[in-house]
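# let me see the structure of the following:
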Amino acid sequence: MRKRKALTLMFVCLGLLVPATYWVAQSAQKTKTEKAEAEEEVVICFLCDAAGMPMYLKDTIKVTYKDRAYYVCNKREEMQFKKNPEKWIFAIDPISGNKINKHDAVIYKHNEVAYFFETAANRDKFKAEPDKYVE
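I've put the predicted structure just below:
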């Protein structure tokens with residue numbers, strides 16, 4: 001911010017008010033664009049073949065069930081979800097054996113397969129010895 005003010009003051013002092021105004025406006029616009037790109041919303045795809053993968057929101061289809069948002073990758077998966085949501089939203093924690101909602105789960109991907117855990121401790125235990133828990 002100090003550099004921008006110093007450069008603007010320099011332009012003004014040199015009698016170049018118009019270029020200074022243009023530069024500040026362009027700089028502000030660039031900052032807004034960079035911020036928008038950096039803040040593009042990313043969600044975790046819970047349901048499809050890419051389950052557990054971060055995906056750009058614009059590339060997913062949002063499906064709401066019991067006031068919670070779930071994200072699928074295509075229309076086929078959206079239709080399957082709507083037919084039987086209970087089948088899609090739950091997973092079994094490989095450590096505890098408990099049924100958990102994927103929305104609340106800690107996700108870990110191992111050998112291109114997403115695993116869902118009740119807690120980070122369960123995930124860490126799995127990460128230490130995945131072959132022990134993978135069929």
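# what sits up against stretch 84-104?
Residues external to stretch 84-104 that are found in contact with it (CB atoms under 8 Å, 6 or more residues apart in numbering): 46-47, 51, 63, 65, 68-70, 80-81, 105, 115-118, 122, 125-126, 133-134. Yep, even glycine has a C-beta here, placed from its N, CA and C like the rest.
# just those: which are in strands?
Filtering the contacts of stretch 84-104 for membership in strands, criterion DSSP state E, returns 63, 65, 68-70, 115-117.
# so can I have a markdown table of the residues you listed showing pLDDT and neighbour count?
What follows is the ones in strands among the contacts of stretch 84-104, written out as a markdown table (pLDDT from 0 to 100; neighbours: other CB atoms under 10 Å):
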| residue | pLDDT | neighbour count |
| --- | --- | --- |
| Val63 | 88 | 20 |
| Tyr65 | 87 | 14 |
| Arg68 | 84 | 14 |
| Ala69 | 83 | 13 |
| Tyr70 | 83 | 26 |
| Tyr115 | 90 | 25 |
| Phe116 | 91 | 23 |
| Phe117 | 94 | 23 |
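# checking Arg76 next. Helix, strand or coil?
In terms of secondary structure, Arg76 is helix; the call rests on DSSP: H, G, I helix; E, B strand; the rest coil.
# Glu112 and Met55, how far apart?
Summarising the geometry, the distance separating Glu112 from Met55, computed by CB to CB, to the nearest Å, is 15 Å.
# compare the two (neighbour count), which wins?
Using other CB atoms under 10 Å as the criterion, Glu112 and Met55 rank with Met55 on top: 17 against 9.
# how about low-confidence regions in the chain?
For the chain, residues meeting the criterion pLDDT under 70 lie at 1-40, 49-50.
# can you give me the helices for it?
In order along the chain, the chain carries the following helices (DSSP state H): 2-13, 17-38, 75-83, 85-89, 120-128, 130-133.
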